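Asker: how would this look folded up:
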Amino acid sequence: MGTHTTIRIEAAKKEEFAKLCDGMGLSVSGAINIFVTKVLQCRRIPFDISVENEPMPWGIDS
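Answerer: Model (predicted):
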């Protein structure tokens, strides 16, 4: 049995995510567990996170 974790997410995003997961035959919890397992396997976030062509908030462009 697992442990309980609480996350904060906008209600509309949670609803959309739950529908997407359901369409794939997954629960939200199952999808989060897949994500956590992949992070642990890869030892990194398993996708790129970036902001392209956006100025940095402190005034330095990337």
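Asker: all strands for the protein, in order.
Answerer: With DSSP state E, there are no strands along the chain.
Asker: so where is it shaky, pLDDT-wise?
Answerer: 54-62 (pLDDT under 70).
Asker: show me which helix runs longest in it.
Answerer: helix 28-42 (DSSP state H).
Asker: buried sites along that helix?
Answerer: residue 31 (16 or more other CB atoms under 10 Å). (C-beta placed from N, C-alpha, C; glycine too.)
Asker: then it to CSV, C-alphas only?
Answerer: What follows is helix 28-42, C-alpha atoms only, in CSV (Å, rounded to 0.1, in the frame of the first residue of the first chain):
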residue,chain,number,x,y,z
VAL,A,28,-4.9,10.1,-11.8
SER,A,29,-3.0,8.3,-9.1
GLY,A,30,-1.8,5.7,-11.6
ALA,A,31,-0.6,8.4,-14.0
ILE,A,32,1.3,10.2,-11.2
ASN,A,33,2.9,6.9,-10.1
ILE,A,34,4.1,6.3,-13.7
PHE,A,35,5.6,9.8,-13.7
VAL,A,36,7.4,9.3,-10.4
THR,A,37,8.7,5.9,-11.5
LYS,A,38,10.1,7.3,-14.7
VAL,A,39,11.8,10.2,-12.8
LEU,A,40,13.4,7.7,-10.5
GLN,A,41,14.5,5.5,-13.4
CYS,A,42,15.9,8.4,-15.5
